[in-house]
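> The following comprises the amino acid sequence and a computationally predicted model.
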Amino acid sequence: MKEFFDSSSLLAAMIEDEPGHETALAALASARDGYASTHSLAECFATLTGGRMTSRLTPAIAAELVEVNVAKRLTLVSLTQAEIAAALRTAASVGARGGAIYDVLLLAAARKCRADRIHTLNLRHFAAFAPDLLDRLCDGHAPR
């Protein structure tokens, strides 16, 4: 089963005091055919070093966490220029604004790898932006 992990689920797996940590960590640890977007590497690093966390990690520690938990564990999916342009058109058609574009890009990467299950802690946006993938969305429990 191909499992795609978005940035929110990856961060929850790496950070003990994040909501859903145990479930996200178990899902990541048990994934045999796991995928993530290359964008998630940067998003996880940004959050770990200066994002919303109360305790920011040094860049060296954050880079190591991302490398060990994401880059070395999962197959990374990159989007082409044409795929990004298509995602921008999708964002416009579903009314995505601001940072929600990153959710649309993550969904494009999940589609590209033909994920059977998409792990996210952002179910509301993912369901709104990709109703065709609703049955594949997973918040750490069972798929919808």
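Done, it's in.
> any idea where the helices of this protein begin and end?
Using DSSP state H, the helices of the chain run over residues 7-14, 21-30, 38-50, 59-66, 81-94, 100-112, 123-129.
> okay, those, which one's buried deepest?
The highest average neighbour count among the helices of the chain, using mean count of other Cβ atoms under 10 Å, belongs to helix 7-14 at a mean of 26. C-beta here means a position set from N, CA and C on the backbone, and glycine is covered the same way.
> now for that helix, which elements pack on it?
Helices and strands touching helix 7-14, by 3 or more Cβ pairs under 8 Å, 6 or more residues apart in numbering; DSSP states H and E, are helix 21-30, helix 38-50.
> Show me the one of the helices of the chain that comes nearest Arg136.
Checking these against Arg136 by Cβ to Cβ gives helix 100-112 as the closest, at 7.8 Å.
> elements contacting the closest one?
Taking 3+ Cβ pairs under 8 Å, 6+ apart as contact, the helices and strands that helix 100-112 lies on are strand 2-5, strand 33-37, helix 38-50, strand 75-77, helix 81-94, helix 123-129.
> Against which helices or strands is the longest one packed?
Contact analysis of helix 81-94 by 3+ Cβ pairs under 8 Å, 6+ apart lists helix 100-112, helix 123-129 as its packing neighbours.
> ok, 6 Å please
Identification of packing neighbours for helix 81-94 by 3 or more Cβ pairs under 6 Å, 6 or more residues apart in numbering; DSSP states H and E yields helix 100-112.
> what does the shortest one give?
In terms of contacts (3+ Cβ pairs under 6 Å, 6+ apart), strand 75-77 is packed against strand 33-37.
> Please tell me how far Leu41 sits from Leu134.
When distance is defined by Cβ to Cβ, to the nearest Å, Leu41 is 27 Å away from Leu134.
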